[in-house]
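J.: Curious how this folds, go ahead:
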Amino acid sequence: MSASASGPEEARQNAEFDEFAGNYDKALNEGLKFTGEGRDYFAAGRVDWLTKRLSAKAARVSTCLDFGCGTGGGCEPLVSGLKIDAYLGYDPSSASISEARSLLGQSKVTFEHDDQVIPANAFDLVFTNGVFHHIPPADRLSCVKLAWRSLKPGGWFAFWENNRWNPIVHFLMSRVPFDKDAQMLFPHQARSLLRAGGFEIELTDYLFVFPAMLKALRPLEPSLCKLPLGGQYMVLARKPLHSDGRHS
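T.: This is a model prediction of the structure:
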């Protein structure tokens, strides 16, 4: 997916996600079923890990932009887990946004498919998960800059992506219809991309090492978070505190 449907590749991808909007979870679970877990396990795990990392940095977030929110599956974990007061879910797939609105109408929650309505300097947190491997490489920096502009000075960017170092991830993604043509980012590529967009890198963590059949070993995962073993990684970055809100 991408920040706007301004070219043929972006239009093709948006149409693809429009096609899967009504059965997104079913398509996603074609890959996740091999882990023994469903979407909710991973969504809750990401938010729980992020909450701990933000707490360790004494960061309080009350406003969140969910960049590439799809059909809104990450909304409830983010809002409840981080105690968000105002949530904006953005995705260029209009069909996905329609699906999210029909399922998740709340006073503190809104969804948009037009990036022009995303306000500048408005959010404490931008969250994105598994989005940038769908964005053509030439368009990724403009999406990072959009995230940068939307954040308040000192705001946080939680950048989750599938771990390209992990061979099992490649297999799982090959089973998901809309992931077959994805171009994953190595962690160092993600960090370079965020730096190019004006962010300061705080940390990189790896999560989801053990499938359900080995869940007895999951208490070990925090001690393994700096090793590139997990199915996903999070780059936690920050917009400089002394920023005037403009980006070159």
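
J.: buried set for the longest strand seen in the chain?
T.: Identified as the longest strand of the chain according to DSSP state E is strand 151-162. Neighbour-count burial for strand 151-162 flags 151, 152, 155, 156, 157, 158, 159, 160, 161, 162 (criterion: 16 or more other C-beta atoms under 10 Å). Bear in mind the C-beta positions are built from the backbone N, C-alpha and C, glycine included.

J.: now swap in stretch 57-77 and tell me
T.: Buried residues in stretch 57-77, counted by 16+ other C-beta under 10 Å: 59, 61, 63-77.

J.: List of residues touching the longest helix along the chain?
T.: Looking across the chain with DSSP state H, the single longest helix is helix 39-56. Residues outside helix 39-56 that contact it (C-beta atoms under 8 Å, 6 or more residues apart in numbering): 25, 28-29, 32, 60-61, 73-74, 77-78, 81-82, 125, 127, 129, 156, 158, 160, 203, 205, 207-208, 232, 234, 236.

J.: Tabulate the CA atom coordinates of that helix in PDB.
T.: Once non-C-alpha atoms are left out, helix 39-56 reads as follows in PDB (Å, rounded to 0.1, in the frame of the first residue of the first chain):
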ATOM      1  CA  ARG A  39      -4.100 -11.900  14.200                       C
ATOM      2  CA  ASP A  40      -5.200 -10.900  17.700                       C
ATOM      3  CA  TYR A  41      -2.200 -12.500  19.400                       C
ATOM      4  CA  PHE A  42       0.300 -10.600  17.300                       C
ATOM      5  CA  ALA A  43      -1.700  -7.300  17.500                       C
ATOM      6  CA  ALA A  44      -1.800  -7.500  21.300                       C
ATOM      7  CA  GLY A  45       1.900  -8.500  21.500                       C
ATOM      8  CA  ARG A  46       3.000  -5.500  19.500                       C
ATOM      9  CA  VAL A  47       1.100  -3.100  21.600                       C
ATOM     10  CA  ASP A  48       2.200  -4.700  24.900                       C
ATOM     11  CA  TRP A  49       5.900  -4.500  23.800                       C
ATOM     12  CA  LEU A  50       5.500  -0.900  22.600                       C
ATOM     13  CA  THR A  51       3.800   0.100  25.800                       C
ATOM     14  CA  LYS A  52       6.700  -1.300  27.800                       C
ATOM     15  CA  ARG A  53       9.300   0.500  25.600                       C
ATOM     16  CA  LEU A  54       7.500   3.800  25.800                       C
ATOM     17  CA  SER A  55       7.000   3.500  29.600                       C
ATOM     18  CA  ALA A  56      10.800   2.900  30.000                       C
END
